[in-house]
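turn this into a structure:
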Amino acid sequence: MATINPVIIPERQLINGTHKLRIAVRHKSRTSYIVTSIILADPSQLKNGKIVKHPDASALNKKLRAMMDLYEERLDNIRNTNIYTCEQLRDIIKAGPSDTEVTFRGISNEYVSYLLDNNRSSYAKLMERSSRYFCEYCNGDIDMQDITPVLIKSFADKLKKAGKTQTYINTILSHIKVIVNKAVSDQMVTYTIHPFATTKILPAPVRDVSLSIESFRKIMYSNPERKRLRMARDLFMLSFSLGGMNLIDLMNVDFRKEDVSYVRTKSAGRTQQENRISFTMPENIKKYYQEWIKSDGKLDFGYNYTYHNFSQYVSYCLSLLAEELGIEEKVIFYSARKCFAQFACDLGMPDGVINYCLGHSDRAKGIIRYYTKIRSQQASICVARVCDYVNDPDKYKPYLELRNEALMMRI
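Alright, predicted model coming up:
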């Protein structure tokens with residue numbers, strides 16, 4: 001049974017130390033929040049669902065009661081709550097009846113707020129930008145019902161005429177399609193013909209940033225004197241050694257532990273089932289973190305950057321390191337992830353195990369995925385084998401030659 005009630009989340013205080021009152025929607029053992037405009041100085045000012053010890057407590061309680069009455073009425077009018085996820089139920093309660101005006105900007109702003117609440121600020125920023133471009137093309141906000149295949153196609157054509165790359169166009173259109181599909185799935189709008197029925201979004205080309213084993217080993221055995229180049233090398237090698245881990249997740253690893261267990265920040269909250277990645281910390285990686293480890297086991301490089309700026313700085317330093325080492329291939333932080341996947345594939349590691357290490361879903365596995373499960377032991381073996389390979393590739397040369405011959409015979 002779904003329930004709603006006002007709450008304060010102490011951990012999510014604003015910059016000035018105050019707190020926004022939220023309406024908690026609890027459903028199917030999950031909780032989502034509707035952020036209100038009511039701001040309290042301290043969590044103790046909300047007690048038993050009422051605002052206390054506040055100079056405007058009386059007026060704010062009237063506002064809160066009216067808000068709760070409205071949301072409770074909307075919840076009561078939903079015939080079958082069990083067919084919705086907690087997030088969908090929250091969105092329906094917040095949006096109200098489907099016969100009210102539903103606009104693109106309204107749905108977009110709501111989704112951006114949801115992303116920010118779930119610490120997905122980078123994606124939220126991209127989504128906000130794409131939505132703004134689309135609204136500018138439409139000369140302002142537009143009703144969801146008025147978005148047609150003709151409108152989407154003409155918008156795509158304008159981007160193409162403006163000289164935008166296909167990858168850029170695909171990204172913008174993908175973000176707009178997310179908003180359209182959200183409105184459809186939340187039953188806020190229905191279409192006889194889907195707005196993207198005649199506009200196909202081509203998959204983005206795979207970035208060729210994997211490195212040869214020779215170039216990779218140049219980075220692995222480099223010994224730069226400058227701090228920023230050592231930092232870039234160590235983060236690159238740690239990402240590779242931990243199954244191609246993304247930078248944002250790498251910064252949260254506790255290197256005091258023997259095992260790694262985490263959920264990718266990029267995919268957290270997208271599915272009801274948590275895709276947790278677990279494996280044993282590989283040997284011989286202490287040399288890459290010992291200079292930077294703090295007392296809590298996490299990395300600290302002494303920089304006061306935002307995550308986005310730090311990520312760009314790391315890639316910049318990697319390019320400087322590659323230039324200093326005479327590596328002609330393009331080297332970015334993502335190259336570590338690509339190298340792990342490529343070397344694991346070269347060694348004949350099962351696709352399912354590689355996907356597990358990378359944190360990807362294994363949908364292509366077919367019906368067997370419902371009967372089998374990739375375990376942390378298999379991931380530990382894969383990570384250890386790949387790390388051993390880059391340390392001594394000659395040991396694996398006979399095996400690789402035999403495997404390549406076998407693959408050629410299949411062609």
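
can you pull out the low-pLDDT segments for the stretch 251-400 of the chain?
The model of the stretch 251-400 of the chain has pLDDT under 70 over residues 267-274, 361-374.

all the helices of it, residue numbers only.
If DSSP state H, counting those that start in this stretch is used as the criterion, the helices of the stretch 251-400 of the chain fall at 286-289, 307-325, 334-346, 351-358, 376-391, 393-410.

for the residue minimising distance to the centre of the chain, which non-adjacent residue is spatially closest?
Nearest to the geometric centre of the chain sits residue 266, at 1.9 Å (Cα atoms, centre = their mean). Nearest non-adjacent residue to residue 266, counting by Cβ to Cβ, 6 or more residues apart in numbering: residue 246, 6.3 Å away. Placement of C-beta: from N, CA and C, glycine included.

and that neighbour, how far from residue 252?
Using Cβ to Cβ, to the nearest Å, residue 246 is found at 10 Å from residue 252.

is it true that residue 305 touches residue 314?
No. Counting by Cβ atoms under 8 Å, residue 305 stays clear of residue 314, with 9.6 Å between them.

between those two, which one's more packed in?
residue 314 (22 against 12; other Cβ atoms under 10 Å).

now do the contacts for residue 233.
By Cβ atoms under 8 Å, 6 or more residues apart in numbering, the contact list for residue 233 reads 219, 222, 224, 288, 321.

no wait, residue 215
Here residue 215 is in contact with 327, 329, 331 (Cβ under 8 Å, 6+ apart).

what subset of those residues is buried?
When neighbours are counted using 16 or more other Cβ atoms under 10 Å, these contain these buried positions: 327, 331.

re the thing from before, quick one, which of the helices of the stretch 251-400 of the chain is nearest to residue 256?
Closest of these to residue 256 is helix 286-289, at 10.2 Å (criterion: Cβ to Cβ).

and that closest one, what does it pack onto?
helix 227-241 (3 or more Cβ pairs under 8 Å, 6 or more residues apart in numbering; DSSP states H and E).

contacting residues for residue 25?
So, once contact is read as Cβ under 8 Å, 6+ apart, residue 25 ends up touching 2, 3, 4, 31, 32, 33, 34, 86, 89, 90, 93.

closest to residue 275 out of those residues?
residue 86 (18.1 Å).

what number of residues lie near that closest one?
Residues near residue 86, counting by other Cβ under 10 Å: 18.

that one contacts residue 27, correct?
Yes. Assessed by Cβ under 8 Å, residue 86 is found in contact with residue 27 at 4.2 Å.

this protein: strands as residue ranges?
3-7, 19-27, 30-40, 46-47, 50-51, 259-263, 276-280 (DSSP state E).

out of these, which is closest to residue 199?
Of the strands of the chain, the one closest to residue 199 (Cβ to Cβ) turns out to be strand 30-40, at 31.3 Å.

list the buried ones in that closest one?
Result for strand 30-40 [16+ other Cβ under 10 Å]: buried residues 32, 33, 34, 38, 40.

name the nearest residue to the second one, sequence neighbours excluded.
Of all residues beyond its chain neighbours, the one nearest residue 33 is residue 22 (4.2 Å), with distances taken as Cβ to Cβ, 6+ apart.

same thing with the fourth one?
In space, not counting the residues next to it along the chain, residue 38 is nearest to residue 21; the distance is 4.1 Å by Cβ to Cβ, 6+ apart.

how many other residues sit next to the one you found?
So residue 21, with other Cβ under 10 Å, has 24 neighbours.

that one is in contact with residue 43, isn't it?
No. With contacts defined as Cβ under 8 Å, residue 21 does not count as touching residue 43, sitting 9.9 Å away.

can you list residues touching both of these two?
residue 8.

that older thread, residues contacting the residue nearest to the centre of the chain?
246, 248, 359.

what does residue 295 give?
Per Cβ under 8 Å, 6+ apart, neighbours of residue 295: none.

state the distance from it to residue 231.
19 Å.

would JSON lines of the buried residues of strand 30-40 with distance to residue 178 and pLDDT be doable?
Converted to JSON lines, those look like this (distance: Cβ to Cβ, whole Å; pLDDT from 0 to 100):
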{"residue": "32", "distance to residue 178": "18", "pLDDT": "91"}
{"residue": "33", "distance to residue 178": "21", "pLDDT": "92"}
{"residue": "34", "distance to residue 178": "20", "pLDDT": "92"}
{"residue": "38", "distance to residue 178": "30", "pLDDT": "92"}
{"residue": "40", "distance to residue 178": "33", "pLDDT": "93"}
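
tell me, how many residues neighbour residue 169?
20.

show me the contacts for it.
156, 159, 160.

can you tell me how far the first one is from residue 130?
When Cβ to Cβ is the yardstick, residue 156 and residue 130 sit 12 Å from each other.

same check on the last one?
Going from residue 160 to residue 130 by Cβ to Cβ gives 16 Å.

those two - which one has more neighbours?
Neighbour count, other Cβ under 10 Å: between residue 160 and residue 130, residue 130 has more, with 20 against 13.

which residues touch the residue lying closest to that one once chain neighbours are set aside?
Of all residues not flanking residue 130 in the chain, residue 175 sits nearest, at 3.6 Å (Cβ to Cβ, 6+ apart). For residue 175, the contact set (Cβ under 8 Å, 6+ apart) comprises 126, 127, 130, 131.

ok, residue 175 to residue 244 distance?
Distance from residue 175 to residue 244, by Cβ to Cβ: 25 Å.

one step back: the contacts of residue 233: which two are farthest apart?
Top of the distance list for the contacts of residue 233 (Cβ to Cβ): 288 and 321, 13.8 Å.

pretty sure residue 135 is touching residue 105, no?
Yes. Counting by Cβ under 8 Å, residue 135 touches residue 105, with 5.7 Å between them.

shared neighbours of those two, anything?
By Cβ under 8 Å, 6+ apart, the residues touching both residue 135 and residue 105 are 141, 142.

off-centre distance for stretch 220-227?
31 Å (Cα atoms, centre = their mean, to the nearest Å).
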